[in-house]
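A.B. asks: With the sequence up front, the predicted model follows.
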Amino acid sequence: MYKRKDHKAKNIRFYYKGNYISTNTNEETEARQFIDNFNFEVQKPFVNSVADALDAWAKNMDYENRFTCNHYSVLKKVRPWFGQFNVSQVPHMAVEEYYKERTRTVKNTTAEKELRVLKGAINHCYKKKYIDNPSNIMIEGSPVNARQRYFTDEEVKLILNAPECQAKPWGKLLLKIAFATCARKTAIRTLRVEQLKFHSNLIDFNSKDMKKKAKPRAIVPFANESLKQELLEASERSKTGHILETPTGVMTEYECDSFWKKVYKQIGINKDPNIENAVFHTIRHTGAVKMVKSGKVSMKEISVYLGHKSVNVTERVYAKYSPNFMKESANVMGDFIS
């Protein structure tokens with residue numbers, strides 16, 4: 001900001017591309033607000049088409065270090081189909097046609113996942129105020145549903161004892177951390193030695209490699225002494241500063257995805273076409289459902305454990321798994337008809 005020393009200029013100005021621009025105020029706080037708003041408008045991406053929305057979303061995901069190969073694959077599918085539409089006017093018929101066309105060659109859940117990305121990209125632009133009227137992406141008259149699939153206790157045992165887990169201890173440790181902490185894949189794969197707080201008995205999934213605007217991650221206790229000991233041993237033998245190392249060095253995303261997909265295949269996960277496909281995130285979902293079903297953990301604590309921004313998010317997804325879900329409502333109606 002710039003204010004003339006002789007104070008003849010009443011308004012505070014700032015320099016932008018060779019010119020001084022007036023903030024129309026001589027109050028510093030108001031001037032800073034003006035500059036913040038100006039920068040937002042200047043830097044705000046132009047979003048008119050769905051292609052613009054997908055690009056803006058992908059750029060933000062990449063900035064937060066959350067953009068994966070899977071996201072890239074989905075964009076390659078949805079962009080050619082929807083890219084030309086106005087972001088506020090995506091025809092419902094186009095969504096239905098896409099869904100029908102994709103489900104000829106892939107499972108329903110895969111097509112739904114792709115449409116969730118489309119919906120998420122458009123909603124991202126709305127939340128960032130890039131657009132005013134987002135299209136509501138629907139499938140067969142209903143909003144795209146969140147994942148429902150979670151593993152049974154028996155499936156968890158099969159996963160951790162799969163031949164691939166025995167052949168690759170680093171991979172088994174990846175899965176054990178995932179089941180014990182409910183952390184997301186990237187947070188686990190990039191876990192560093194200094195993030196393990198052995199004296200305070202905590203795992204801090206917030207790393208120095210995270211970008212400034214990335215969402216804060218959870219800080220959780222070690223699930224048991226056995227896992228703590230395994231992580232201690234992994235930290236002592238680490239050559240790169242990372243906990244999960246393969247024979248070639250730091251575990252890559254490709255090595256991570258190849259591993260869990262092979263494990264699932266070995267024990268027959270995803271064989272039944274009538275059951276929703278399990279992905280790595282299913283492990284996180286399984287842990288959350290396990291905590292809720294136990295009836296011993298409050299929704300607030302589960303929310304913190306998962307690293308959710310608000311307990312409302314946790315309740316919206318997981319309240320239905322509680323043993324007491326709608327129990328009082330049923331009791332009231334039972335009294336009503338008795």
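C.D. replies: Good, I have the coordinates. For clarity, every value in this text was computed on a predicted model and none was experimentally measured. Numbering: from 1, shown residues only.
A.B. asks: which stretches of the stretch 1-150 of the chain aren't confidently modelled?
C.D. replies: Applying pLDDT under 70 to the stretch 1-150 of the chain picks out residues 1-9, 15-18, 38-43, 139-147.
A.B. asks: which stretches of it form strands?
C.D. replies: 13-16, 19-22, 138-139, 142-143 (DSSP state E, counting those that start in this stretch).
A.B. asks: which element follows the last one toward the C-terminus?
C.D. replies: Toward the C-terminal end, the helix or strand that comes next after strand 142-143 (DSSP states H and E) is helix 153-160.
A.B. asks: which helices and strands does that following helix pack with?
C.D. replies: helix 169-181 (3 or more Cβ pairs under 8 Å, 6 or more residues apart in numbering; DSSP states H and E). (C-beta placed from N, C-alpha, C; glycine too.)
A.B. asks: buried stuff in the helix it packs on?
C.D. replies: Trp170, Gly171, Lys172, Leu173, Leu174, Leu175, Lys176, Ile177, Ala178, Phe179, Ala180, Thr181 (16 or more other Cβ atoms under 10 Å).
A.B. asks: So what touches it?
C.D. replies: 156, 159-160, 164-166, 183, 185, 188-189, 191, 203, 205, 218, 220, 222-224, 227, 230-231, 234, 243-246, 251, 256, 259-260, 263, 280, 283-284, 286-287 (Cβ atoms under 8 Å, 6 or more residues apart in numbering).
A.B. asks: Generate a PyMOL selection restricted to the buried subset of those residues.
C.D. replies: To isolate the buried ones among these in PyMOL, judged by 16+ other Cβ under 10 Å, type:
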select buried, resi 156+159+164+165+183+185+188+189+191+203+205+218+220+222+227+230+231+234+243+244+245+251+256+259+260+263+280+283+284+286+287
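A.B. asks: Give me the subset of the contacts of helix 169-181 lying in strands.
C.D. replies: Among the contacts of helix 169-181, the members found in strands (DSSP state E) are Ile203, Val220, Glu245, Thr246.
A.B. asks: okay, the residues you listed in a markdown table with distance to Asp55 and pLDDT next?
C.D. replies: Below are the ones in strands among the contacts of helix 169-181 laid out as a markdown table (distance: Cβ to Cβ, whole Å; pLDDT from 0 to 100):
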| residue | distance to Asp55 | pLDDT |
| --- | --- | --- |
| Ile203 | 35 | 96 |
| Val220 | 35 | 96 |
| Glu245 | 35 | 96 |
| Thr246 | 33 | 95 |
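A.B. asks: For the stretch 51-200 of the chain, which segments are assigned as helices?
C.D. replies: Taking DSSP state H, counting those that start in this stretch, the helices of the stretch 51-200 of the chain run over residues 69-82, 92-102, 108-127, 153-160, 163-167, 169-181, 185-189.
A.B. asks: Of those, which is nearest Ala330?
C.D. replies: The closest of the helices of the stretch 51-200 of the chain to Ala330 is helix 153-160. By Cβ to Cβ, the value is 27.3 Å.
A.B. asks: Average pLDDT for the closest one, rounded please.
C.D. replies: Mean pLDDT, computed over helix 153-160, is 96.
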